[in-house]
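Novice: Starting from these lines, generate the structure:
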Amino acid sequence: MTVLPDDGLSLASEFPDATHEQWQHLVEGVLRKSGREFSGAAAEDALAVEIEEGLRSWPLYTADDASPDPGLPGFAPFVRGGRPEGNVLGGWDVRQRHAAADGGAVLADLENGVTSLWLVVGGHGVPVASLDQVLDGVYLDLAPVALDAGDGVEAAAGELLRLYGERGVAKDAARGNLGGDPLGFEARTGEGFDFAPVASLARLCAAEYPGLRAVTVDALPYHEAGGSAAQELGSSLATGVAYLRELTAAGLTVGQAVGQLEFRYAATADQFLTIAKLRAARRLWARVAEVCGAEGRQVQHAVTSPVMMARRDPWVNMLRTTVATLAAGVGGADAVTVLPFDHALGLPDAFARRIARNTSTILVEESHLSRVIDPAGGSWYVERLTDELAAAAWEFFQRIEGLGGQAAALRSGRLGQDLAETWRARSAKLAKRREPITGVSEFPNLAERPVEREPAPAPPSGGLPRVRRDEAFEALRARSDRHLAATGARPRIFLAALGPAAAHTARLAFASNLFQAGGIEPVDQGSFEDSGAAEVCLCSSDALYEEQAAEAAGALREAGARHVFLAGRSGQYPGVDACVFAGCDAVAVLSATLDRMGVS
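Specialist: Have a look, this model is predicted:
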């Protein structure tokens, strides 16, 4: 009889363990071949990628990348999840957003996979008087309702509580959130409102409605103003601490006050950053609760990021929200809202709402994503990123507290300045296409038919700005659209390919994508004279540029070309005005080109 080794497998037992230094030596060799001389840790550093605001993704993680013990799921510090069972029992709460008084759409969602409702109520959404109609046919003891009513929270909450009583919903069966968030409203509008009504609702919920929370800590205003993940988390902590002070001053115990808060975060298509953000948020809030003398897990509502939603080629938004939803689920969110792919265009249609709710259904029911508790746990990368993000967020939180708290930071303008500075840095990456936007700055389609939707209610404004990743390119495309409407044609540029296809194909594709991103139609067939263009871009290899660029530019000038680009970083040639290349400021180049064309 053969006796197996203790581990049952010995496939690698005869091979020596590789060391970190050996790996670095191999990296040095690869970098040397590309003309870059680095050694040791510097070689590893050369391959690191900046994620945002000081956070970096390293090329290699090992067991030596220590991070604090994340604990167990359902136990402090709740890094691995707020409940021991995670979302295994039924998946996460699929929460659909509604901003219009359409009871039919609400029922369709609930009948087809949605498990709770997020209702925008008041001047920017469903009228308070229409709540009865919108919720007609809804089993309020089964479907939790989260309100978002701004400064009208008292009236909206009163109406919802009235409906609970009128329809015979037992107080201990009511579930959801009444949505009091004065600081979130101030961040949106620049106007505050008294916390007293919110405190009264919190006392009522704590005393009589065990399944209802009265307060939302909405971090979306800071995300939508261009803030980083650390700034979003730090702002949410500062807001949560401010609310704890108000609630305890109103007579609630610290434990009751902690139990009245629900936190709302953005989930982006950067899946690992989103996973780390939700895990770090729970850890940080557990620390706040501990310092305050209580233990309470953070209840999280994740929303797919409005900032990442593009208006051009909006179908790609389905892919972005799928990745974001996966990240929210893996990160341990309690409730997830998938914004419909046409969210940036107006009120979503039935198809868009169907795709949004089915995104969660597929991930939970078909991909079985909720069957594993904290599937990212134990990953050296995720654990270290969680730790680094938590440290950066805590530092930002302390900075806000040093300014006098969240309200003071908002009113002084300092918070807005910090967020704007972060957005300026990110905007530069977007303009240079270092952060590509598929369908907008990369692989745009000028021939696509615009997707039109009924206008959505105007969102609250007057406070922090709302930014979008596509805004600079959207402005350029809008100029092109106006030119098309006025003249029947888009502004054009002629792409002059020099030499055989092998020499020019790559740069021809690059130039075509670049100019279409600004709404400029590339023409690469026929002659320059027949193209209807006054701008030209030469496309070929560096070797052929040396041989033919000057002559080709001269001939094109004689034929009427007013401006000649060259695709690539090659040197200066007579008749060539500028080079376009990967990493150039595409927005600046395209804007100047449209200016020369007289496209306003």
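Novice: those helices in the stretch 501-600 of the chain, which residues are they?
Specialist: For the stretch 501-600 of the chain, the helices defined by DSSP state H, counting those that start in this stretch occupy 501-517, 528-531, 542-544, 550-558, 586-597.
Novice: hmm, who's touching the longest one?
Specialist: Around helix 501-517, the neighbours that count as contacts under C-beta atoms under 8 Å, 6 or more residues apart in numbering are 433, 440-446, 473, 476, 493, 495, 497-498, 521-522, 524, 537, 539-541, 543-544, 565, 567-568, 580, 582, 586, 589-590, 593. Every C-beta, even on glycine, is put in place using the N, C-alpha and C of the backbone.
Novice: Looking at the helices of the stretch 501-600 of the chain, which is nearest to residue 358?
Specialist: Distance to residue 358, taken as C-beta to C-beta, is lowest for helix 501-517 among the helices of the stretch 501-600 of the chain, at 30.9 Å.
Novice: Now the closest one: buried residues?
Specialist: For helix 501-517, the neighbour count (16 or more other C-beta atoms under 10 Å) marks 503-504, 507-517 as buried.
Novice: May I see these organised as JSON lines, with pLDDT added?
Specialist: Formatted as JSON lines, these follow (pLDDT from 0 to 100):
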{"residue": "503", "pLDDT": "91"}
{"residue": "504", "pLDDT": "95"}
{"residue": "507", "pLDDT": "97"}
{"residue": "508", "pLDDT": "97"}
{"residue": "509", "pLDDT": "96"}
{"residue": "510", "pLDDT": "97"}
{"residue": "511", "pLDDT": "97"}
{"residue": "512", "pLDDT": "97"}
{"residue": "513", "pLDDT": "97"}
{"residue": "514", "pLDDT": "97"}
{"residue": "515", "pLDDT": "98"}
{"residue": "516", "pLDDT": "98"}
{"residue": "517", "pLDDT": "98"}
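Novice: got these as JSON lines, with distance to residue 231 columns?
Specialist: Shown next, in JSON lines, are the buried residues of helix 501-517 (distance: C-beta to C-beta, whole Å):
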{"residue": "503", "distance to residue 231": "47"}
{"residue": "504", "distance to residue 231": "44"}
{"residue": "507", "distance to residue 231": "39"}
{"residue": "508", "distance to residue 231": "41"}
{"residue": "509", "distance to residue 231": "37"}
{"residue": "510", "distance to residue 231": "34"}
{"residue": "511", "distance to residue 231": "37"}
{"residue": "512", "distance to residue 231": "37"}
{"residue": "513", "distance to residue 231": "32"}
{"residue": "514", "distance to residue 231": "32"}
{"residue": "515", "distance to residue 231": "35"}
{"residue": "516", "distance to residue 231": "33"}
{"residue": "517", "distance to residue 231": "28"}
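Novice: re the thing from before, now, which of the contacts of helix 501-517 lie within strands?
Specialist: Using DSSP state E, 493, 495, 497, 521, 522, 537, 539, 565, 567, 580 are the members of those that sit in strands.
Novice: Out of those residues, which is nearest to residue 49?
Specialist: Using C-beta to C-beta, these come closest to residue 49 at residue 580, 24.3 Å.
Novice: secondary structure class for residue 370?
Specialist: Classification of residue 370 by DSSP: H, G, I helix; E, B strand; the rest coil places it in helix.
Novice: Cheers, nothing more for now.
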